[in-house]
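[1] Could you work out the structure for the sequence below:
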Amino acid sequence: MHLTILAASGATGLALTRQALERGHTVTAIARTPARVTVPDNPRLTRVAADVRDSESIANALRGSKVVLSALGVADGDKAGALTAGAHAVTSAGPERIVWLGSYGTGPSAQAAGLATRTLLKALGAKLADKVTADTLVLDAGGTVFHAGPLSDGPLSPQWCTVGLDNAPKRFFPARVSRDTVAAAMLDEAENPRHAGRVAIPLDL
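    Next comes the predicted model:
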């Protein structure tokens, strides 16, 4: 399968790119600085420079993509709007399948996450609205949005699963989940969609 990975140079994007290649997929890895996609060179890997805030560059990078996975986030110091711009670009490209990484406790998962998490996330201000708008665009386009708890750099869990939002465990704070587990869950959804048009929750068990 040919996969296009957005924000491939970030920590989760690198996990997605590495695991996708390990699974035998062909990957177009999009990043503002392609040299930062620091996985070993592979004949099935193409690095492409594009920025979601540059509509022409990202439109060109996404053109013809059938399956798009996004690990796009907002770094400290970045202005809000990147997520919405990325979601507009991806949905406008019209891929057959979108798998998008969001945050547990935002938008549809806000009630499930509980009051404490919702209160903490309010500190994001405009960035919170950016996340919710981006997720809504992807869901309305029939994509799957993964709402992950706090991300860790631990290994892929030997036991993990993906559940729908209705089956999310009730906790005072969301459980941590490794980036490798999130990447594996997103790739499984890209290969065999089970939560199209819905929010999915990746869990380390």
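[2] And the helices in this structure, which stretches?
    In the chain, the segments counted as helices under DSSP state H are 11-22, 55-62, 82-93, 110-113, 115-121, 126-140, 179-191.
[3] you'd agree Glu96 is up against Val67?
    Yes: contact status for Glu96 versus Val67: in contact at 6.5 Å, counting by CB atoms under 8 Å. Where you see a C-beta, it was placed from the backbone N, CA and C, and this is true even at glycine.
[4] So for those two, which residue has more residues nearby?
    Neighbours were counted for Glu96 and for Val67 using other CB atoms under 10 Å; Val67 has more, 18 against 10.
[5] Okay, that one and Thr33: tell me how far apart.
    Val67 sits 23 Å away from Thr33, going by CB to CB, to the nearest Å.
[6] before we move on, what about Leu139?
    Leu139 is 30 Å from Thr33, by CB to CB.
[7] So which of these two has more stuff around it?
    Using other CB under 10 Å as the criterion, Leu139 and Thr33 rank with Leu139 on top: 21 against 10.
[8] picking that back up, got the helices of the chain as TSV, with mean pLDDT and distance to Ala200 columns?
    Compiled in TSV, the helices of the chain are given as follows (pLDDT from 0 to 100; distance: least, CB to CB, whole Å):
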stretch	mean pLDDT	distance to Ala200
helix 11-22	98	15
helix 55-62	96	22
helix 82-93	96	17
helix 110-113	77	12
helix 115-121	67	18
helix 126-140	91	11
helix 179-191	97	7
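[9] would a markdown table of those helices with distance to Val37 be doable?
    Listed next are those as a markdown table, based on distance: least, CB to CB, whole Å:
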| stretch | distance to Val37 |
| --- | --- |
| helix 11-22 | 6 |
| helix 55-62 | 13 |
| helix 82-93 | 17 |
| helix 110-113 | 32 |
| helix 115-121 | 29 |
| helix 126-140 | 22 |
| helix 179-191 | 14 |
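[10] Among those helices, which comes closest to Pro40?
    Minimum separation from Pro40 across the helices of the chain (CB to CB) falls at helix 11-22, 8.4 Å.
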